[in-house]
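In: build the 3D model from these lines:
(chains A, B and C)
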Amino acid sequence: MKIAEVFLNQTNKRIDHPYDYRIPQQLESVIEAGIRVVVQFGIGNRRVEGFIISIKETTNFTGRIKEITEIIDSQPILNKEQIELCLWMKTTYCSLFYEALSYFTMSIQVKDETYYYKNLGSFDLNLKENWFLEHYYPKDQKTLRQKKVKPEDRVILVELVERKILAAKKRWRILSDPTAAETVGEISYHLTDLGREAIDSNKRMGKKQLELLKSLQNNDMMAADLKMLSAQFKKSLNPLILKNYVIEYEASPHQNAYNSSRFEKQRRSVVLTAHEQLNYKRYLELTKAKSGVFFHVFDGTSKYRLFFKAIEDQLKSGKSAVVIFPEVNMTFSRMEMFYKYFGDLVGVFHGQLTPKERTDLYRRVRDGELKVVIGVRTALFLPYQNLGLIIIDDDHDPSHISISTPRFHIADIAKKVSALMGATYLIADDTPRVATWYQIEKNEIAKIQIGVEQKLRQAIEIVDMQKEMHQGNMGILSRTLVKYLTTSLLHKRMGVLFINNKGYANSVLCRNCGHVEKCPQCGVALKYFNQDHSLHCHYCGYKKAVPIKCPKCNSEKIRHMGFGLDQLEEYLSKVLPDARIGIVQGAMNRTEIKKMNRAISDGEIDILIGTQVIIKHFNFTNVGVAAAVLIDRDLNQGNYQASETVYQTYSRFFVKAMDGTTKGLIQTHEPENETIYSIKNENFQEFYRGEIRYRQLMKYPPIVNMVSFSVFQKNEKEAENDAFSLYVAIKNELKMFGDGHTVYKPVRVGATKGGNITYQIVLKTLKAEVFQNLMPKIIKLGIIEALKSKVSVHIDL
DNA sequence: CTAACAGCAACC
DNA sequence: GTTGCTGTTAGG
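Out: The predicted model follows:
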């Protein structure tokens, strides 16, 4: 007799463990680990979807074992290693099994048709209803009277059962409808060979028509794009379509603009420079000893050539490779390079693919047709046959962290995958994460430096805003900056101002001496609360009133930190009324970005001001002055990673904006701040040493593991009670794990979405396995279930 | 005395 | 989530 261990697709932590089911004789040859099945569950024999993680001969379960009802997949959708990875994710990130599984099933849409139709007849009924069906379904009044069922009850029950049947039908249909993958296309245009000839042979045609044909020369375009060229493009295009110069077609919405068919597909071998050859040799040596390698990147093109070389070698030995970019847009912009080197072995995977395209990619990867996959996080969960190399590009980018549960950093998954499949993992970054560098220092990952440092940032001037104030300048921009902006305007060069105005101005600082109130225990800036005009610590709940006088210098000039983009624009237009100002910010779509980029390259912008996006999506040269106008707010964000984020974003900003002749400038109230100095000195190691010392002292990741529990509740009193009983329970359970951990008392966290009262409990521990063991225990004891509040677990990555 | 109800454990 | 079991209680 064969037994299958099955995880159920249920959103309940208490039943999220394997259940044993007997495999019916006739299915023994078909069923293996990695396929989904339908089983009956509970007293009511509800039909639920399950996933087989393993097959065994015997069971320890003493009760009555049920049989597997049906098979969903005709072959395993996860291989052995992937099943193990999925289980590891479940325990490591305290998620449900099916939540972890969802990352693997994202590309599987179309299911077996037989499954679809077979299930229409069966539905879940509980015992009471089954019993009712057996006894009372007949409309015969005599029988009903005998059985003592009131006619009106029968009506209600019949209705109930019929509703259930309907619901069941609906449910299965949604799950398995193969036609659900229908795509909605966008109208696009393609230049035919005939059209190309027409351009080359200088055939007579309208000016607009020629322009349109030429714009289609390099790639297909969507109607929306052509509209930007000429509002009435259809007028000139229609005759071209009639002449068969241009083909109109409907393509899937996103693939279209980036359709792989527009790229030249070649196979080229990689040629390295002498310096790169040395680096590559080192890389090969290091991968023999360790599975992880880190590229500290100072030369982007060199980095890619090394990537290609490494991939090429993997292909030669019959293995495949995957490259993970943080974002879809980055994937798109790197695509072409990959096609040039590896032609049709390349697959591109991202969230904007249609279900059909996804399934197609899944199949081709599984069958070994595609050997180089580039894409976003989820691309790592495809069924690679013989994976030799995983590359994570731009490791520091926050998009590498998955937002939905399980919350993880893709580099951690890559590490695990490489251990499971014996693949090399390669992380590349120009502004390393502290967590990654920590692994390098601990000798878990080897490091190679790519290219040489430019040391351009050393020219950055740090402007003391306290001095400015003392000398009578109450404005938001320093006199030096205004002076530089004026001269750069004169020389027709652009000024770029970076301001990170997202979020609230929630710290408080002394305008006189730059002092910021910090938590005595946790070392982070205290956050300002409007309700009671007080300052709170984000982690431990320490609370104090906003001081009237600065504790350091006794001044009364205590102010909220910060101003926004709008205020900056207003100020600039007053100080430099002739300057043409361009504003860029997060909520811009692709066309707006294009437009702005064009305006910048056409020299229509004198001063560009913007938030984070300025670093990623905009291209500019000829920058006269590049300035960070409000670094202090970012430095005092009230979380322990503030300095790290500041180092990364501001370094990148200056690298992007400065060439050898650009004036760099940072405005601050803390001119002695170490992070600012490290940015100026272009010295990551120096920054890291200071930062890791701070984290050691204050006990923050990566030194400790940190997890926070959030308790949500509508009712104020109950929220408090629940939070405290959870706190007590955690404390009690922790006793089992010896010492080396700290739990902070529940802290009431300020306004959250949905009007919920939220309490937060922070747990720090030196042992990673503590909360992995703690969570199942707390769940088993029913502590969280006993609470009326919703509880969520947030692991700090 | 009973219907109603909340609390609870189990689901293989 | 769904179910049945258990103990408690309001209402007659």
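In: contact residues of chain A facing DNA strand B?
Out: Proximity of chain A to DNA strand B (C-beta under 7 Å from any atom of the strand) is limited to residues A:12, A:14-15, A:19-22, A:40-43, A:59, A:61, A:63-66, A:782, A:786. From N, CA and C alone the C-beta is placed, and that goes for glycine too.
In: for ChimeraX, what selects the buried ones among those?
Out: Burial among the residues of chain A next to DNA strand B is assessed by 16 or more other C-beta atoms under 10 Å; the matching ChimeraX selection reads:
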select /A:19,20,21,40,41,59
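In: out of the residues of chain A next to DNA strand B, who's near DNA strand C?
Out: Applying C-beta under 7 Å from any atom of the strand to the residues of chain A next to DNA strand B, those adjacent to DNA strand C are A:Asn12, A:Arg14, A:Ile15, A:Phe41, A:Gly42, A:Ile43.
In: need phi/psi at the first one.
Out: When quoted as degrees, to the nearest 10, the phi and psi of A:Asn12 stand at phi -140, psi 120.
In: count the residues that sit near whatever residue of the stretch 301-450 of chain A ends up closest to DNA strand B.
Out: Among the residues of the stretch 301-450 of chain A, A:Thr405 lies closest to DNA strand B, at 19.8 Å counting by C-beta to the nearest atom of the strand. Applying other C-beta atoms under 10 Å, we find 17 residues neighbouring A:Thr405.
In: for it, give its distance to A:Ser102.
Out: Distance, A:Thr405 to A:Ser102, using C-beta to C-beta, to the nearest Å: 9 Å.
In: in chain A, which strand is the longest?
Out: Using DSSP state E to define each element, chain A has its longest strand at strand A:46-56.
In: tell me the helix or strand right after that strand.
Out: Stepping forward along the backbone from strand A:46-56, the first helix or strand reached (DSSP states H and E) is strand A:68-71.
In: okay, now the sheet partners of that next one, with direction.
Out: strand A:36-41 (antiparallel) (DSSP bridges).
In: so what touches the partner strand?
Out: A:4, A:6, A:8, A:10, A:19, A:21, A:31, A:46-52, A:66, A:68-73, A:77, A:119 (C-beta atoms under 8 Å, 6 or more residues apart in numbering).
In: can you check stretch A:693-711 too?
Out: Contacts for stretch A:693-711 (C-beta under 8 Å, 6+ apart): A:434-435, A:438-439, A:522-523, A:640, A:643, A:692, A:719, A:722-723, A:726, A:730, A:742, A:746, A:749, A:758-768, A:770-771, A:787, A:789-797.
In: contacting residues for the nearest residue to A:Phe338 once chain neighbours are set aside?
Out: Nearest-residue entry for A:Phe338: A:Val346, 4.8 Å, with adjacent residues in sequence omitted and distances by C-beta to C-beta, 6 or more residues apart in numbering. Residues in contact with A:Val346 (C-beta under 8 Å, 6+ apart) are A:Ser260, A:Lys265, A:Met335, A:Phe338, A:Tyr339, A:Leu370, A:Val372, A:Val373, A:Ile374.
In: most surrounded residue in those residues?
Out: A:Ile374 (28 neighbours).
In: that one pairs with what?
Out: A:Val323, A:Val348.
In: what pLDDT does it get?
Out: pLDDT recorded at A:Ile374 is 96.
In: also A:Gly562?
Out: A:Gly562 is given a pLDDT of 69.
In: again with A:Glu716
Out: A:Glu716 is given a pLDDT of 77.
In: try A:Asn506
Out: 64.
In: try A:Ser573
Out: 91.
In: next one: it from A:Val629, what distance?
Out: A:Ser573 is 15 Å from A:Val629, by C-beta to C-beta.
In: and A:Lys492, how many neighbours?
Out: Neighbours of A:Lys492 (other C-beta under 10 Å): 10.
In: OK, contacts around it?
Out: Contacts of A:Lys492 (C-beta under 8 Å, 6+ apart): A:Gly603.
In: helix/strand/coil for it?
Out: With DSSP: H, G, I helix; E, B strand; the rest coil as the basis, A:Lys492 sits in coil.
In: okay but A:Ile413 is in contact with A:Ile390, surely?
Out: No - the pair A:Ile413 / A:Ile390 is not scored as a contact, 9.0 Å apart, by C-beta atoms under 8 Å.
In: identify the contacts common to those two.
Out: Contact with both A:Ile413 and A:Ile390 is made by residues A:Leu380, according to C-beta under 8 Å, 6+ apart.
In: show me what contacts the residue in the stretch 651-797 of chain A that DNA strand B sits nearest to?
Out: Using C-beta to the nearest atom of the strand, the single residue of the stretch 651-797 of chain A nearest to DNA strand B is A:Gly782, 4.9 Å away. Neighbouring residues of A:Gly782 by C-beta under 8 Å, 6+ apart: A:Arg14.
In: rerun that using 7 Å as the cut-off
Out: Not one residue lies near A:Gly782 by C-beta atoms under 7 Å, 6 or more residues apart in numbering.
In: same question for the one 3 residues further on.
Out: Residues counted as contacts of A:Glu785 (C-beta under 7 Å, 6+ apart) are A:Arg14.
In: mind checking what helix or strand follows the helix or strand hosting it in sequence?
Out: Element membership of A:Glu785 [criterion: DSSP H and E] is helix A:783-786. Next helix or strand after helix A:783-786 toward the C-terminus (DSSP H and E): strand A:790-795.
In: kindly export that next one (C-alpha atoms) in PDB.
Out: What follows is strand A:790-795 as a C-alpha-only set of coordinates in PDB (Å, rounded to 0.1, in the frame of the first residue of the first chain):
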ATOM      1  CA  LYS A 790      -5.400  39.400  13.400                       C
ATOM      2  CA  VAL A 791      -1.700  38.700  13.800                       C
ATOM      3  CA  SER A 792       1.000  39.100  11.100                       C
ATOM      4  CA  VAL A 793       4.600  38.100  11.300                       C
ATOM      5  CA  HIS A 794       7.200  40.300   9.700                       C
ATOM      6  CA  ILE A 795      10.700  38.900   9.400                       C
END
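In: for that strand, packing partners?
Out: On a contact count with 3 or more C-beta pairs under 7 Å, 6 or more residues apart in numbering; DSSP states H and E, strand A:790-795 meets strand A:705-713.
In: gap between the residue in the stretch 401-550 of chain A positioned nearest to DNA strand C and A:Lys788?
Out: As assessed by C-beta to the nearest atom of the strand, DNA strand C sits closest to A:Thr405 within the stretch 401-550 of chain A, at 16.4 Å. Going from A:Thr405 to A:Lys788 by C-beta to C-beta gives 21 Å.
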